[in-house]
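Trainee: The sequence isn't on hand, but the structure is:
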Ligand SMILES: O=C(O)C(=O)C[C@]1(C(=O)O)C=C[C@@H](O)C=C1
């Protein structure tokens, strides 16, 4: 007994400390680690493009599979198969510590469960009252209403679990990318606080949007994802040259132009509006 009690002490202490990191704003909002800069974040966003494109390619292996999205296909008729799949998977992943990482946000935070994972002190870069800003609902709506019909073939093949699992991977990749707008905004603010403060104090979202927009960066992102989708989506066939892309590059560039970049900017603006310096 004495052994158990003694060995539990460090764990209790760590739990207590990590609890305080999350509840005490002054402890959370620490200076960024030296390697965390706008440039390094942009490199991370660039790498995420690969994963997003491969996730779309994986989802495109299955047809649209409409029974996954209809509440009428399910016994209780309130939630679709995919929503139940996402809720239950997030609950398990939450138990195993996925959402301890501030870069990860669940689509259904209400279903969070007690943690099994050992506590870890992730760098707390975000300003706590603004850290919960997210575009999860818009990402969910955009993915199912707009994007999915653009890159999947009509029809169904019964691979419903595989379809829902691929959807969740796409959703999580998009969520991480778009909600990283919180980190981008924080770093932009730290780089040039004097430029941002008047608009933050005036709660002027239009000026904030203007300040954080870099048209040349956006154009480069859109061009790059088009080229990546062209390369990643090729079939390697030793007999003949295949021309059909697994996911149309124009769909990927449109995804970024119409949704990913605008939603990231929305997150950036909303994050800064919640800042009270
Ligand atoms: O790289 C930045 O500065 C960002 O804010 C990210 C991002 C993007 O979503 O790719 C968004 C807004 C900028 O206009 C340029 C690019």
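Mentor: Everything's here; your move. From a predicted model like this one, the values you see are computed outputs, not experimental measurements.

Trainee: Helices along the stretch 1-150 of the chain, start to end?
Mentor: Counting by DSSP state H, counting those that start in this stretch, the stretch 1-150 of the chain forms helices over residues 2-23, 25-28, 38-59, 81-95, 136-141, 148-151, given from the N-terminal end onward.

Trainee: For the stretch 1-150 of the chain, which residues are neighbours of the ligand?
Mentor: Applying CB under 6 Å from any ligand atom, we find that the stretch 1-150 of the chain lies next to the ligand at residue 42. Glycine gets a C-beta too; all of them are placed from N, C-alpha and C.

Trainee: Residue in the stretch 1-150 of the chain with the shortest distance to the ligand?
Mentor: The stretch 1-150 of the chain approaches the ligand most closely through residue 42 (5.0 Å), counting by CB to the nearest ligand atom.

Trainee: Based on its surroundings, how many neighbours for that residue?
Mentor: Around residue 42 there are 15 other residues, counting by other CB atoms under 10 Å.

Trainee: Next: the one 10 residues further on.
Mentor: Here the number of neighbours of residue 52 (other CB under 10 Å) works out to 22.

Trainee: From residue 255, how far out is the closest residue to it other than its chain neighbours?
Mentor: Take residue 52 and drop its neighbours on the chain: the residue closest to it by CB to CB, 6 or more residues apart in numbering is residue 173, 4.7 Å away. Between residue 173 and residue 255 the distance is 11 Å, computed by CB to CB, to the nearest Å.

Trainee: Let me see the residues that make contact with the strand or helix carrying residue 178.
Mentor: Here residue 178, judged by DSSP states H and E, is contained in helix 160-179. Helix 160-179 is contacted by residues 45, 48, 51-52, 55-56, 58-59, 61-62, 65, 67-68, 81-82, 85-86, 89, 103-105, 107, 133-136, 139-140, 143, 148, 260, 263-264, 267 when judged by CB atoms under 8 Å, 6 or more residues apart in numbering.

Trainee: Which among those count as buried?
Mentor: The neighbour-count test (16 or more other CB atoms under 10 Å) marks 45, 48, 52, 55-56, 58-59, 62, 65, 67-68, 81-82, 85-86, 89, 103-105, 107, 133-136, 139-140, 143, 148, 260, 263-264, 267 as buried among those.

Trainee: Can you tell me, leaving aside adjacent residues, what's nearest to residue 218?
Mentor: For residue 218, the nearest residue in space outside its immediate sequence neighbours is residue 261; the separation is 5.5 Å by CB to CB, 6+ apart.
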